[in-house]
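> Got a predicted model here, sequence first, then my questions.
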Amino acid sequence: MKQLPHYNNLCKLLALILILTMGMLQSTSTRAKQSLDFRGNETDHMSLLAIKNRVKERSHGILSSWNDSTHHCYWGGVTCGRRHNRVIALKLRSSGLVGTISPYIGNLSFLKVISLYNNSLQGKIPPELGRLHRLQVLELKNNTLIGEIPANLSACIELKILNLGCNKLVGKLHLGLGVLSNLKEFHLHLNNFTGPLFEVLANITTLEVISAWSNAFTGTIPDNIDRMTNLTWLGVGANQLVGVLPPSIFNLSSLVLLEVLRNNIKGSLPPFTGLQFPQLQVLNLNANNFSGTLPISASNFTSLEEVMLGENLFTGTVSLDFSNNQNLQWLDLSYSNLQGDMSFVSSLTNCSNLEVLMLNVNNFTGSIPKSIVNLSSILTDLWIGGNKIRGVFPEGLGNLVNLEYLDVGDNDLTGKFPIDFGNLQYLGLMNFSSNALTGSIPDIYGNLTRVSKVDLGGNKLEGIIPPSLGRCLYLLYLNLSHNLLDGTLPKELLGGSAKFVELDLHQNTLQGSIPLEISMQINLVNFDVSKNKLSGELPSGLGDCSALQFLNLERNFFDGSIPSSFTSLGSLDSLDLSYNKLEGRVPSKGAFANASVVSLIGNSGLCGGIPELHFPRCAEEAGMQRKRHMSRAIKLIILIVCTVVGTLILSLWFYLTCARKKKKLDSSAQVIMRGTFSKVSYSMLHKATEGFSAEKLLGEGSFGSVFEGILNGKPVAIKVLNSQNRGASKSFMAECKALKNIRHRNLVGIITACSSIDFRGNEFRALVYEFMPNGSVDKWLHKEVNLSLLQRVDIGLNVAHAINYLHHESQTPVVHCDLKPSNILLDQDMVAHVGDFGLAKFLARPPQPNQSSSIAIRGTVGYAAPGNGINISFETINNCMNALNSPLYFSQLAPLYCFKKREASTEGDIYNLFVSPHFYFLTLLFDFLF
């Protein structure tokens, strides 16, 4: 009997377990039944599936539960009401959704909350949202939605929060939105809305938050804005608002944030400004047109955390006392016209939370308060540059160990350069430029491992550039220009960890050469070492700095030639190598092909390059040097040697001529193979010659004019025939026929021809030749600076080869009929080319010995074959002048005239030529030398 109570307790326990088990089974059965029971809310279920079909997830996530195996009230992000299991909230924020918002969302008629922000939704906001009359929260921010806000969204009269920020929405706000009388938060920031803002919002007195910054809203802030008595947040910066701050705005005692930066608001701040906003934490009036003085009452903003009044038109001194602003984190008074000293900085030492102090670009005078080194230890930004501060920099700034930006440039500071910045491990920018600081740059600055920009230019710093700066891993911009630095350019600076974008060392007294390690600076965009005392050859490794846009090496003592690697700098916008001692040929490719990009003046040893650079031709320069250093004794030796050599050369030429019938040269070794002629129009030639301008005119002849032009980026000579001159058309056809099938290295190569009409409808015919930059032999024979003897011999041989080809090796023998020095052109390498075939004559077969030519007298006076125009009694001469043998005269006379200093031949010259050509050659050579 004593065990009965225990027995009863055991029975009760078993009964309880049985009851609980049955209850759980019933609950599970009920839930399973509900999970598949869609009666009464099938619309919600199908609408959710339609919404799912319009979006995708970047990863397998919240939508994976959206399927028919589970009731939609248990799907991820879906909330249903307790009474009817209808969907009342759709919360899919930050779910990685990509796609569009389905219009079926308008069928979820019980929805109160739609939260889809922080996704990648695109397309327009569906107007079906206007059917959701119970909707209270619509959050679509941080997507890429486009289009306008649907007008029927005004039907959602229960709406309290409308957040559409950070999208790509456009257009004006519909006035109908003004009926949303329950709206508390209105977020439209970072879109492209236009039109008036407050005309729509003026009647919504329930508003607490207006966030519309960074749009293009217009209009003014209304005078009755104080009707929004609950307004705590007014952010309308970066718009196009005008007018003034209405006095009524200062009645909004609940304001926590007032932000109107970057508009066109003007006016002054009333004296009681600091007494009206007891809860204000952020005051941002930056970049407007506010004027007047800063009210002293602003010191009463004890709750302020951020004060931004920069980029305005304020004047006067700063009389504010910030001693009670212990919450102050950010103070920006930059880019105004504030004056006086900086004594107010001392009151900021009580602001233990101060992180940013911006006083730059004002008219502050006096010295830097010593108390500045006692500012908050968490200070990250100190900007006091662009003032009129003088004196020495106070010691102890190294105590501000969290400094990231330090700007004291463009002042009048003197004294030794500070050396206690080596502890500023977080420093990213250091600007001491445009002062009068002296001393040397401390080597400890190499410990600034996070610094990205150092600007010490425009001081009086001495000594060497610390090699330790090359250890600054993130250093991109280094400016040490306009100082007194000497020594060499450290190779450790260029070959270290620093990968510069800009390196400006100009106007110092640096010596030595540019280290080869410069080739490691592949990110370099601006490199300026001008106005130093650097010397040596230019390093070819600069050509590896492919990002270079500005390269300035002027006014140094660099010598040698310009490295060919410089032509690979395809990004160059400016290259200045002027006033050095460079010599040799100027490249003509890359940046050197554009005279507006390159400056090479002051280098007397340079030659060649494009004509716009106005350097002498390299061959001419070499000839001038040889002639300048040639003594009379050397001339005599050369006379003897050249006489022998010339005799041998002429004998060899005659031998080759006589042996032409026995053995012909392989024409493939002489003919330059070219492709088919390209087509060219009148307009192309008109553009190439700048409208056939006088500046492009190279010369004029009996049948037309020759112009210089540019076709397809290459210089060409364009011979334009004057169709009004008699015989011009015949000359054009003769020259086309002559040049059609002949190609030789010593003939002026034709590129193409044009037979068309000009802009006036007149007949236009032109021939396009290869451009011969050194002009004709005729111009060289009568210039003050003459050709050298070797050059004249080469020219004679070139002409002889050309004539031999025309007479004996072309498919049809061609007689030039007008060979003279003015028709012999010289290319870049002083190789002679015979041109102008306007009087050329074709012969069907070689003439018989007793056959005479029927060609009329052709050619130029002084150069015509004597058998065609001069009566000489010698039978031998007459026979030589007949038919095809007549060009023998040209082939001898033209080369020999390369040795004359007089004009064209006389009858005596012709007699001497045929009686004793060897003696005549010696006579001409003696005339040339003496």
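Happy to help now that I have it.

> what about residue 640, neighbour count?
9 (other C-beta atoms under 10 Å). The way it works is simple: take the backbone N, C-alpha and C, and place the C-beta from them, glycine included.

> correct me, but residue 316 touches residue 339?
Yes. Counting by C-beta atoms under 8 Å, residue 316 touches residue 339, with 6.5 Å between them.

> higher neighbour count, those two?
Higher neighbour count among residue 316 and residue 339: residue 339, with 16 against 13, using other C-beta under 10 Å.

> Leaving out chain neighbours, which residue sits closest to that one?
Nearest non-adjacent residue to residue 339, counting by C-beta to C-beta, 6 or more residues apart in numbering: residue 363, 4.7 Å away.

> need the contact list for that neighbour.
By C-beta atoms under 8 Å, 6 or more residues apart in numbering, the contact set of residue 363 is 337-339, 387-388.

> ok, of those, which come out buried?
Among these, those scoring as buried are 338-339, 387 (criterion: 16 or more other C-beta atoms under 10 Å).

> got TSV for these, with distance to residue 159 too?
As requested, these are exported to TSV (distance: C-beta to C-beta, whole Å):
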residue	distance to residue 159
338	45
339	50
387	51
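
> With secondary structure, distance to residue 83 and pLDDT added, can I get the residues you listed in TSV?
Shown next, in TSV, are the buried ones among the contacts of residue 363 (DSSP: H, G, I helix; E, B strand; the rest coil; distance: C-beta to C-beta, whole Å; pLDDT from 0 to 100):
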residue	secondary structure	distance to residue 83	pLDDT
338	coil	64	96
339	strand	70	96
387	coil	69	97
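
> which one of these is nearest residue 127?
The nearest member of the buried ones among the contacts of residue 363 to residue 127, counting by C-beta to C-beta, is residue 338 at 52.1 Å.

> Which one of the contacts of residue 363 is nearest to residue 528?
residue 387 (27.1 Å).

> Not counting its neighbours along the chain, what's nearest the closest one?
In space, residue 387 is closest to residue 364, 4.2 Å off (C-beta to C-beta, 6+ apart).

> distance of that neighbour from residue 457?
22 Å (C-beta to C-beta, to the nearest Å).

> Residue 292 now?
Using C-beta to C-beta, residue 292 is found at 36 Å from residue 457.

> Which one's more surrounded, those two?
residue 457 (23 against 15).

> The stretch 451-600 of the chain: strands as residue ranges?
453-455, 477-479, 502-504, 511-512, 526-528, 533-537, 550-552, 557-560, 574-576, 581-586, 598-599 (DSSP state E, counting those that start in this stretch).

> just so I know, which of these lies nearest residue 698?
Short answer: strand 581-586, nearest of those by C-beta to C-beta, at 22.4 Å.

> Show the average pLDDT along the closest one.
Regarding strand 581-586, the rounded mean pLDDT is 95.

> Just the angle for that strand relative to strand 533-537, thanks.
Relative orientation of strand 581-586 versus strand 533-537 (axes from the mean of the first three to the mean of the last three C-alpha atoms, to 10 degrees): 40 degrees.

> As PDB, could you dump the C-alpha coordinates of strand 581-586?
Output of strand 581-586 as PDB, limited to C-alpha atoms (Å, rounded to 0.1, in the frame of the first residue of the first chain):
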ATOM      1  CA  LYS A 581      73.100  68.200 -77.100                       C
ATOM      2  CA  LEU A 582      71.300  65.600 -79.100                       C
ATOM      3  CA  GLU A 583      72.500  64.700 -82.600                       C
ATOM      4  CA  GLY A 584      71.800  62.300 -85.400                       C
ATOM      5  CA  ARG A 585      68.600  61.500 -87.400                       C
ATOM      6  CA  VAL A 586      65.200  62.500 -85.900                       C
END
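
> Could you name the helices and strands sitting against it?
Judged by 3 or more C-beta pairs under 8 Å, 6 or more residues apart in numbering; DSSP states H and E, the packing partners of strand 581-586 are strand 557-560, strand 605-608.

> same thing but 6 Å
For strand 581-586, the elements it packs on are strand 605-608, judged by 3 or more C-beta pairs under 6 Å, 6 or more residues apart in numbering; DSSP states H and E.

> partners of the strand it packs on in the sheet?
strand 581-586 (parallel) (DSSP bridges).

> quick one: the partner strand to chain centroid distance?
Computed by C-alpha atoms, centre = their mean, to the nearest Å, the separation of strand 581-586 from the middle of its chain amounts to 28 Å.

> for stretch 232-252, same thing?
Distance, centroid of stretch 232-252 to centroid of chain: 40 Å (C-alpha atoms, centre = their mean).

> List the buried residues for it?
Neighbour count says stretch 232-252 has 232-239, 241, 245-246, 249-250, 252 buried, by 16+ other C-beta under 10 Å.

> Save these as JSON lines, and put in secondary structure, distance to residue 697 and pLDDT too.
As requested, the buried residues of stretch 232-252 are exported to JSON lines (three-state DSSP; distance: C-beta to C-beta, whole Å; pLDDT from 0 to 100):
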{"residue": "232", "secondary structure": "coil", "distance to residue 697": "79", "pLDDT": "97"}
{"residue": "233", "secondary structure": "strand", "distance to residue 697": "74", "pLDDT": "98"}
{"residue": "234", "secondary structure": "strand", "distance to residue 697": "72", "pLDDT": "98"}
{"residue": "235", "secondary structure": "strand", "distance to residue 697": "68", "pLDDT": "98"}
{"residue": "236", "secondary structure": "coil", "distance to residue 697": "66", "pLDDT": "98"}
{"residue": "237", "secondary structure": "coil", "distance to residue 697": "63", "pLDDT": "97"}
{"residue": "238", "secondary structure": "coil", "distance to residue 697": "59", "pLDDT": "98"}
{"residue": "239", "secondary structure": "coil", "distance to residue 697": "60", "pLDDT": "98"}
{"residue": "241", "secondary structure": "coil", "distance to residue 697": "62", "pLDDT": "98"}
{"residue": "245", "secondary structure": "coil", "distance to residue 697": "69", "pLDDT": "95"}
{"residue": "246", "secondary structure": "coil", "distance to residue 697": "72", "pLDDT": "95"}
{"residue": "249", "secondary structure": "helix", "distance to residue 697": "74", "pLDDT": "94"}
{"residue": "250", "secondary structure": "helix", "distance to residue 697": "77", "pLDDT": "91"}
{"residue": "252", "secondary structure": "coil", "distance to residue 697": "78", "pLDDT": "94"}
